[in-house]
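Undergrad: Quick one: sequence plus predicted model below, questions after.
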Amino acid sequence: MRRIALIDVNNFYVSCERVFQPRLEGVPVVVLSNNDGCVVARSAEVKALGVAMGMPWHKMQDIAKEHGILALSSNYTLYGDMSRRVMNVLAQFSPDQEVYSIDECFLDLTPQPHVEPTELGKTIRQRVRQWVGVPVSVGVGPTKTLAKLANHVAKKRTEWRGVCDLGTLAEPALDDLLGSIGVREVWGVGHRTEAKLLEQGIKTVADLRAMDAAAVRRGYSVVLERTVRELRGTACIALEDHAPNKQQIICSRSFGAPVYSVEELSESVRAYMSRAAEKMRRQGSIAGAIGLWIETNRFRPQDAQHHPAVTVSLPEATDDTLRLVAMATRLLRRIHRSGYRYVKAGVVLLELRERGVRQGSLFDTTPVLDSKRDRLMSVLDQASQKWGRGTIAPGSAGLAAPRAWAMKRGSMTPAYTTRWDELVTVKA
DNA sequence: TCTGGGGTCCTAGGACCC
DNA sequence: TCTGGGGTCCTAGGACCC
C-alpha cells in the first residue's frame, strides 16, 4: 500500500502577507486578482462571513465596510518566493516530491515505512511555521485523491488538528467519515459533475466510492472512473517528481482601462509575447505555432461585442522574441476592428518542442544555429531576471509612461523578500 | 466604473485517405 | 437494386484544477 501525503498552506496569499504584517492577524483580509478585480484568497474570518472565492470586489463593498474587510492587491513576486521556501522545507521530508501548485505538494512516504504519518505531519507543521512563518495542513492516504481528501478533513475538522491520516481509520469509521463529506469535495468533481451525480442520488464521497467503476465510465467519463478507483485505494494517478515541460504557454491580461486603438493593443501584445517567449526559453522549447486573441467586455451588454481569435503555424519553429512579436503584431492588425472597446488581450505559444530538435525550413536562409540572435535573447532574459520584467523589450513594449492597458494595483505590499530596498526593518 | 490568469486531459465530430 | 467502413489527424469545446 502506498502512502502519499498532500501538504498545503492555509489561505496561502493571506498567510504570506501576514508574515510581514502581523497586524493583519485576526483581521478579515482578502487578496485580489490582477486589476483588483475579484477575490482570490480569503482569511478564515472572511470565509466565515460567507464570501465566496472569485467574488468581484466591487460587488462586496457593503459587506466589506460592515465588517472592516481589508483588501490587498496580489503580490505574486512575494508569493512565488515564499512558495519556493515552503517547498524547500517540505523537500527535506521525502526525496519524492511533486510540487503541484504554488501552495501545495505531494510527498511519497512509501519508501519510509518506519515513519508514523501523524507524527511526521506534526513535525512538518511546526517546522514550516517556524522556518517560513505560514500554517500548513497535512493529509495522508494511499492515493493522491485520498491524500487530497484527507487534507480537506485535516483543515475542516478541528478534532484532527491539521493532520489527517486516513490510514488510521478502520473501514466502518472511514465509511462514516466519507459518508459525511459532500461529493463536491473530491478532487476532480466540479460543479457540473456534482449536479449530475446529485440527480442520480449520489450525495456523499461514500456514495461515489461505492459506485460501479464500469458504469461510471459509461455514464460519466474515464476521468471520473479513475477518481472512483482512487477513492477505493487503487492508484491511478502517478506522482510526477519532475515537472514536464509545458505543452503550451499563455500570457493574457485584462487591461487597467479599456483600449481602442490598434497601436495601444499592439503594445500590450508585444509585452505579453515577450513574457511568454521568456518563459518558453526558460524551459528550452521553441514554438511551432502561435495564437492571439482580444476581447471586449462580456459583462456589458450595452457594448458592441467582438472576441476575435486566430492561430497560425510558423514557417519555422522559433524561440526568438523578435520574430514572435513581429508575427503577433501582424495577426493583431488582421483581427482588430476599430470602434470596439477592448478590455483584454492574450497570446499563446503552441506546438512546443525541444529546442534541440528544431527543423530548418527548406526556404529559410538563416542558419539553424543563429548565434547572434541567441546571444541577444540571452541578454534579454538576463536583464529581465536582474532588473525585472519589461526592463528591455522589443519596440519599447510598454515601458516608462503609464499605459491604459497596464494593470491596476491599488494596494500592493512591498517586495519584502526579493528587493534590498524593500526589506522589513526590525526596530530594537 | 469595477468580474483573474494559467494550465491539463478527454471527447466528439469533421476532413481526409484508402 | 445495391451507394462502405475503418483508420488517422486535427480542432473546438467541455470539464476540471489552483
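TA: On my side now, so go ahead.
Undergrad: Around DNA strand B, pick out the residues from the stretch 301-428 of chain A.
TA: Within the stretch 301-428 of chain A, the residues that sit near DNA strand B (CB under 7 Å from any atom of the strand) are A:343-344, A:346. In short, each C-beta sits where N, CA and C put it, glycine included.
Undergrad: Can you check those and name whichever has the most neighbours?
TA: Using other CB atoms under 10 Å as the neighbour criterion, A:V343 leads those with 22 neighbours.
Undergrad: residue boundaries of the strands in the stretch 301-428 of chain A?
TA: Along the stretch 301-428 of chain A, counting by DSSP state E, counting those that start in this stretch, strands occupy A:309-318, A:342-354.
Undergrad: burial count for A:V222?
TA: 10.
Undergrad: Just the pLDDT at it, thanks.
TA: Looking at A:V222, its pLDDT is 93.
Undergrad: Check A:F299 too.
TA: Note on A:F299: pLDDT of 87.
Undergrad: how near is it to DNA strand C?
TA: 18 Å (CB to the nearest atom of the strand, to the nearest Å).
Undergrad: likewise A:I249?
TA: Following CB to the nearest atom of the strand, the distance that separates A:I249 from DNA strand C is 15 Å.
Undergrad: now that residue, which residues is it bridged with?
TA: On the basis of DSSP bridges, A:I249 is bridged to A:L349.
Undergrad: What are the neighbouring residues in contact with it?
TA: If a contact means CB atoms under 8 Å, 6 or more residues apart in numbering, then A:I249 has A:276, A:279-280, A:287, A:348-349, A:352 as its contacts.
Undergrad: Buried among those? Make that a ChimeraX selection.
TA: Buried residues within the contacts of A:I249, by 16 or more other CB atoms under 10 Å, are selected in ChimeraX with:
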select /A:276,280,287,348,349,352
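Undergrad: Could you dump the contacts of A:I249 into a markdown table with distance to A:K427 and pLDDT added?
TA: Below are those laid out as a markdown table (distance: CB to CB, whole Å; pLDDT from 0 to 100):
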| residue | distance to A:K427 | pLDDT |
| --- | --- | --- |
| A:A276 | 43 | 94 |
| A:K279 | 40 | 93 |
| A:M280 | 45 | 94 |
| A:A287 | 51 | 93 |
| A:V348 | 48 | 94 |
| A:L349 | 48 | 94 |
| A:L352 | 50 | 92 |
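Undergrad: now, which of the contacts of A:I249 sits nearest DNA strand B?
TA: Ranked by distance to DNA strand B (CB to the nearest atom of the strand), the contacts of A:I249 are led by A:K279 at 5.7 Å.
Undergrad: Now name the helix or strand holding the closest one.
TA: In this assignment (DSSP states H and E), A:K279 forms part of helix A:262-282.
Undergrad: Note down every partner strand of the helix or strand just after that helix and its orientation.
TA: Later in the chain than helix A:262-282, the nearest helix or strand by DSSP H and E is strand A:285-296. Counting by DSSP bridges, the strands paired with strand A:285-296 are strand A:309-318 (antiparallel), strand A:342-354 (antiparallel).
Undergrad: Excluding sequence neighbours, find me the nearest residue to A:V163.
TA: A:G121 (3.3 Å; CB to CB, 6 or more residues apart in numbering).
Undergrad: As TSV, the strands paired with strand A:285-296 with distance to A:E66 would be great.
TA: Converted to TSV, these look like this (distance: least, CB to CB, whole Å):
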stretch	distance to A:E66
strand A:309-318	42
strand A:342-354	30
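Undergrad: Of these, flag the one that's most buried.
TA: Among those, ranked by average contacts under mean count of other CB atoms under 10 Å, first place goes to strand A:342-354 (a mean of 20).
Undergrad: and it, anywhere near DNA strand C?
TA: No - Strand A:342-354 stays clear of DNA strand C (CB under 7 Å from any atom of the strand), getting no nearer than 8.2 Å.
Undergrad: For beta bridges, what are the partners of A:I4?
TA: Going by DSSP bridges, A:I4 forms beta bridges with A:D108, A:G141.
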